[in-house]
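Peer 1: Everything below, folded, please.
(chains A and B)
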Number of protein chains: 2
Amino acid sequence: MKLILLSGGSGKRLWPLSNDSRSKQFLKVLDNNGVLESMVQRVWGQLKEVQLNDNTVIATSKSQVDMIQNQLGSQVPLIIEPERRDTFPAIALASTYLKSIKGTNLNEIVVVLPVDPYVDITFFERIKDLEVVLEKSEADLALLGVKPTFPSEKYGYIVPIQNNDNDYIRVNYFKEKPSEEEARYLISNNALWNCGVFAFKLKYIITLLEAKGLPINYEELEKQYKNLEKLSFDYAVVEKAQKIVALSYNGDWKDLGTWNTLTEEMGTNQIGKGIISEDSTNTHLVNELDIPITVLGIKDAVIAASPDGILVADKLSSPKIKNILKNFEQRPMYEERRWGWYRVLDYTKYEDGNEVLTKRIGVKAGCNLSYQRHFLRTEVWIIIRGEGEFVINDKIRIVKPGDILAIPIGAKHSIKANTNLEFIEVQTGPQLIEEDIERIFMTWEEIIYHCTS
Amino acid sequence: MKLILLSGGSGKRLWPLSNDSRSKQFLKVLDNNGVLESMVQRVWGQLKEVQLNDNTVIATSKSQVDMIQNQLGSQVPLIIEPERRDTFPAIALASTYLKSIKGTNLNEIVVVLPVDPYVDITFFERIKDLEVVLEKSEADLALLGVKPTFPSEKYGYIVPIQNNDNDYIRVNYFKEKPSEEEARYLISNNALWNCGVFAFKLKYIITLLEAKGLPINYEELEKQYKNLEKLSFDYAVVEKAQKIVALSYNGDWKDLGTWNTLTEEMGTNQIGKGIISEDSTNTHLVNELDIPITVLGIKDAVIAASPDGILVADKLSSPKIKNILKNFEQRPMYEERRWGWYRVLDYTKYEDGNEVLTKRIGVKAGCNLSYQRHFLRTEVWIIIRGEGEFVINDKIRIVKPGDILAIPIGAKHSIKANTNLEFIEVQTGPQLIEEDIERIFMTWEEIIYHCTS
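Peer 2: Residues are numbered from 1 along each chain as shown, chains lettered A, B, ... in the order given. Here you go, the predicted structure:
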């Protein structure tokens, strides 16, 4: 069997710690024997434990690539969606990848699951069982359902056919977000929460693509990706399947997508600088700022701070953050990248339209920025830490702390860290946007060869 | 009559908005017809209204001079304590100043009051009455007492002699911080809250200095200031006075020294960037950061944020902040100065002992920094806004946005803003402290003359 992990979009329910480049699954807040890990790291560790990781690929978007490689290593196989187009195109692309690139047999069973279920290890054992059930039942799809612990109005329910003699469930129908009363009724009829796991034969999805007149070759589908309809897998596939079966999983299953649910699993009340007074019971603090936070006599609250913002919320109110921030857009203030990280220290737009942005940037030893230039801004770099090689307009120089590097508009430039390197960057120009960048596609070796020959 | 306003020390009860250079009296949080003003500005405005401001001097410390001049103008007469040594030395120094520098007659009446009483205008009318009472009663001291509104355990009480026929109060004794029961008893005997106002003839304090063998000349006393004993005026003078009288003031009197009392007078629930949800009743937000703060479902709380720290406190718990921060020392992250302001953007101390500090600095048009040099750090300035003149080692150049100024260790340097000027400063060195500065005492004109001749 092959696994496809879907690493989904940003979501603002864990603002201010989640932003466009750092979705909730990357937040390192879960306790693993005293070490903090993210949801992605937790799930990857569990896949290793049941020896499924070698059969797993991760479907994600370009913006998450650096984050995933930082957290799981650069060897993890990624299928990169050219842009976000919902779950059906994402699963279709991953399936053609398995067929075209990995040469996976069309009779092989593929299991799709989200990258961030908070579950115990038996969840993955049940995933293995899906293979057997799909073969035996000859169903189009096999799902995993979680035994409900309360009549939730938030989840989708898998409703079984009654009086079924098999050791698996035959699905009668699905019910999304029922009322509490209805949920109670469904549970009494053995309905399960749908946890977003889908198992099918690779053949099934490939045939479906052919029927829709879509390419079944990975490169072809990738090329057409931006024209694909935004469709969920539920709508495009599940609703149209002839025969669906399910297995039940009876262990822990939690959606850690909101602050009140996430903090329950944090294992510590405080991450980052600050003080929580003793009478601040059931209050959690996650502080990614250098500024200390003091919490005095505040109960049942979550305080989360990052350079993007500061949230002070009653835990029960915390899921409402999404609505409050609906029209709230801002530049990410901290990002991790393949080559290191940056933090925005200061940003100002003056009345005359000129903008100034100050960042602190860290480049990991051995890594380099791409060879690039900008057309709307000058940059000044002041090296504050480590040693490296700086290239500007095809000239190389060694740099060390105290060096000041002026980068005029249009100048090609890059830097490589020989040891962990840090610098302060001051950008100035009429429009400081990440898109004002022209990358010259050369490896560091190519740059050096080009400069010295 | 002459007034001495005592502008006292920092205090941490309004952390993180008050720090060593910005005591609570300078926080602009009070509403004055839609404009925010500080306690100092409010009191100064009231003194103007009753035409007492021309007779007023402010006794303060060096660290508050720039702040007072920014808020009240550079013309306000200041008596600058060489260092903090409690209220008796401060009042003594101010008294000798009146005698030696202002030539005040020794029979003139002097009234000392704190710089930050939150009172209505009749308070100052009563201060005028103290003059009459002191003459008439021939007492050593005349005080102002506030009619108590509840049996507070926090204040000091002035207890009158009973069966007094005069139209002023004769003081029997003082009681500091009584129990609630005792306070109730004192109030039933017409006791008043002591609000820290002292009136006396200049002669009285000068005689007292002579008796103690201390100089009665201002310059002499200033020279010996650092050797003076740290004594409160209450202990050194009030406790030893033969005859003390008092007047009662029946208007509003509030100590806005803690977040719960201060927010009651704020007049707005929010200052600075952020959102407070509608169900966050009786919650106040004061945010001096550029980072937005979202408050969701938190009642009866104060959230205050500055580059120094972030406080999230239940209002009733907020006075405890002082205890929690007892051992908490840090560099001020934002300061206002005579010439402008600076904000710390980033600070790091590396394992090898090297430090890097990044500031954004604003110099007001027409102002200049002192001509100075440092022995433990290099500085790089990147001009981001405005135009000015930069001097380094006696050479002048005109600077504009985009200019990069490298200041090596030991180099004399200064800058003058021709228009409002801003720059990013990156300091690097083994020990980045404000004390690493050697000032060359020259006016800007002298610097220019020196450089061009």
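
Peer 1: Count residues in the vicinity of A:Ala406, would you?
Peer 2: As a burial measure, A:Ala406 scores 14 neighbours (other Cβ atoms under 10 Å in any protein chain shown). Every residue, glycine included, has its C-beta placed from N, CA and C.

Peer 1: again, but for A:Ile415
Peer 2: 22.

Peer 1: what sits against it?
Peer 2: Counting by Cβ atoms under 8 Å, 6 or more residues apart in numbering or on different chains, A:Ile415 touches A:Val363, A:Asn368, A:Leu369, A:Trp381, A:Gly388, A:Glu389, A:Phe390, A:Val391, A:Val399, A:Leu421, A:Phe423.

Peer 1: and with 10 Å instead?
Peer 2: By Cβ atoms under 10 Å, 6 or more residues apart in numbering or on different chains, the contact set of A:Ile415 is A:339, A:361, A:363, A:367-369, A:371, A:381, A:383, A:388-392, A:399, A:405, A:421, A:423.

Peer 1: Could you confirm it falls within a helix?
Peer 2: No: judged by DSSP: H, G, I helix; E, B strand; the rest coil, A:Ile415 forms no part of a helix; its state is strand.

Peer 1: Make sure A:Leu5 is indeed in a strand.
Peer 2: Yes: assessed by three-state DSSP, A:Leu5 belongs to a strand.

Peer 1: That one pairs with what?
Peer 2: A:Ile58, A:Leu113 (DSSP bridges).

Peer 1: pretty sure it is touching A:Val110, no?
Peer 2: No: contact between A:Leu5 and A:Val110 fails when scored by Cβ atoms under 10 Å: they sit 11.7 Å apart.

Peer 1: hey, what's in contact with both of these two?
Peer 2: Common neighbours of A:Leu5 and A:Val110 (Cβ under 10 Å, 6+ apart) are A:Val57, A:Ala94.

Peer 1: how near is the nearest residue in space to A:Asn250 that is not next to it in sequence to chain B?
Peer 2: Leaving out its chain neighbours, the residue that sits closest to A:Asn250 by Cβ to Cβ, 6 or more residues apart in numbering or on different chains is A:Lys147, at 4.8 Å. Noted for A:Lys147: a distance of 31 Å to chain B, by Cβ to the nearest Cβ, to the nearest Å.

Peer 1: Equivalent analysis for A:Ile415, please.
Peer 2: Computed with Cβ to the nearest Cβ, the distance linking A:Ile415 and chain B is 17 Å.

Peer 1: which residue packs closest to that residue, ignoring adjacent ones?
Peer 2: Spatial nearest neighbour of A:Ile415, chain neighbours left out: A:Phe390 (5.0 Å); criterion: Cβ to Cβ, 6+ apart.

Peer 1: which residues sit in contact with the one you found?
Peer 2: Per Cβ under 10 Å, 6+ apart, neighbours of A:Phe390: A:381, A:383, A:396-399, A:403, A:405, A:407, A:413-416, A:421, A:423.

Peer 1: Is A:Ser74 located within a helix, as I assumed?
Peer 2: No: counting by three-state DSSP, A:Ser74 is not found in a helix; it is coil.

Peer 1: pretty sure it is touching A:Arg338, no?
Peer 2: Yes: using Cβ under 10 Å, A:Ser74 is in contact with A:Arg338, at 8.0 Å.

Peer 1: more crowded one of the two?
Peer 2: A:Arg338 (14 against 11).

Peer 1: any idea how far that one is from chain B?
Peer 2: From A:Arg338 to chain B the distance is 23 Å (Cβ to the nearest Cβ).

Peer 1: Any idea how many residues pack against the closest residue to that residue other than its chain neighbours?
Peer 2: Counting by Cβ to Cβ, 6+ apart, A:Asp66 is the residue found nearest to A:Arg338 once chain neighbours are left out, at 4.3 Å. A count of nearby residues for A:Asp66, using other Cβ under 10 Å, gives 18.

Peer 1: try A:Ile404
Peer 2: A:Ile404 has 17 neighbours, counted by other Cβ under 10 Å.

Peer 1: do the same with A:Leu98
Peer 2: 22.

Peer 1: OK, contacts around it?
Peer 2: A:2, A:4, A:57, A:79, A:104-106, A:108, A:110, A:202, A:205-206, A:218.

Peer 1: mind showing which ranges of chain A have poor pLDDT?
Peer 2: A:10-11, A:20-21, A:326-331 (pLDDT under 70).

Peer 1: So which of the contacts of A:Ile415 are in helices?
Peer 2: Of the contacts of A:Ile415, none are assigned to helices by DSSP state H.

Peer 1: Over to A:Ala183. Which of the three states is it?
Peer 2: Put simply, A:Ala183 is helix when judged by three-state DSSP.

Peer 1: ah, wrong one, I meant A:Tyr449
Peer 2: With three-state DSSP as the basis, A:Tyr449 sits in helix.

Peer 1: hang on, it packs against A:Ile396?
Peer 2: No: the pair A:Tyr449 / A:Ile396 is not scored as a contact, 11.0 Å apart, by Cβ under 10 Å.

Peer 1: who has more neighbours, these two?
Peer 2: For A:Tyr449 versus A:Ile396, neighbours defined as other Cβ under 10 Å are more numerous around A:Ile396 (15 against 11).

Peer 1: and the more buried one, what is it in contact with?
Peer 2: Listed by Cβ under 10 Å, 6+ apart, the contact partners of A:Ile396 are A:Glu389, A:Phe390, A:Ser414, A:Lys416, A:Ile447, A:Ile448, A:Cys451, A:Thr452.

Peer 1: Recalculate using a threshold of 6 Å.
Peer 2: By Cβ atoms under 6 Å, 6 or more residues apart in numbering or on different chains, the contact list for A:Ile396 reads A:Glu389, A:Cys451.

Peer 1: That one falls within a strand, correct?
Peer 2: Yes: assignment of A:Ile396 by three-state DSSP places it within a strand.

Peer 1: Any figure for the gap between it and A:Ala142?
Peer 2: 58 Å (Cβ to Cβ, to the nearest Å).

Peer 1: and the stretch 201-350 of chain A, which residues reach chain B?
Peer 2: Taking Cβ under 6 Å from any Cβ of the partner chain, the part of the stretch 201-350 of chain A that reaches chain B is made up of A:275, A:291-298, A:303, A:309-314, A:317, A:324, A:345-346.

Peer 1: Of those residues, which belong to strands?
Peer 2: Among these, DSSP state E puts A:275, A:293-296, A:303, A:309-314, A:345-346 in strands.

Peer 1: right, and the secondary structure at A:Glu379 would be what?
Peer 2: strand.

Peer 1: what's the closest non-adjacent residue to it?
Peer 2: Leaving aside its chain neighbours, A:Glu379 sits nearest to A:Ile407 (4.2 Å; criterion: Cβ to Cβ, 6+ apart).

Peer 1: quick revisit: would you write a PyMOL line that selects the buried entries of the ones in strands among the residues of the stretch 201-350 of chain A next to chain B?
Peer 2: Buried residues among those (16 or more other Cβ atoms under 10 Å in any protein chain shown), as a PyMOL selection:
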select buried, chain A and resi 275+293+294+295+296+303+309+310+311+312+313+314+345+346
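
Peer 1: Turn the contacts of A:Leu98 into JSON lines, including secondary structure.
Peer 2: Supplementary listing: the contacts of A:Leu98 in JSON lines, determined by three-state DSSP:
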{"residue": "A:Lys2", "secondary structure": "strand"}
{"residue": "A:Ile4", "secondary structure": "strand"}
{"residue": "A:Val57", "secondary structure": "strand"}
{"residue": "A:Ile79", "secondary structure": "strand"}
{"residue": "A:Thr104", "secondary structure": "coil"}
{"residue": "A:Asn105", "secondary structure": "coil"}
{"residue": "A:Leu106", "secondary structure": "coil"}
{"residue": "A:Glu108", "secondary structure": "coil"}
{"residue": "A:Val110", "secondary structure": "strand"}
{"residue": "A:Leu202", "secondary structure": "helix"}
{"residue": "A:Ile205", "secondary structure": "helix"}
{"residue": "A:Ile206", "secondary structure": "helix"}
{"residue": "A:Tyr218", "secondary structure": "helix"}
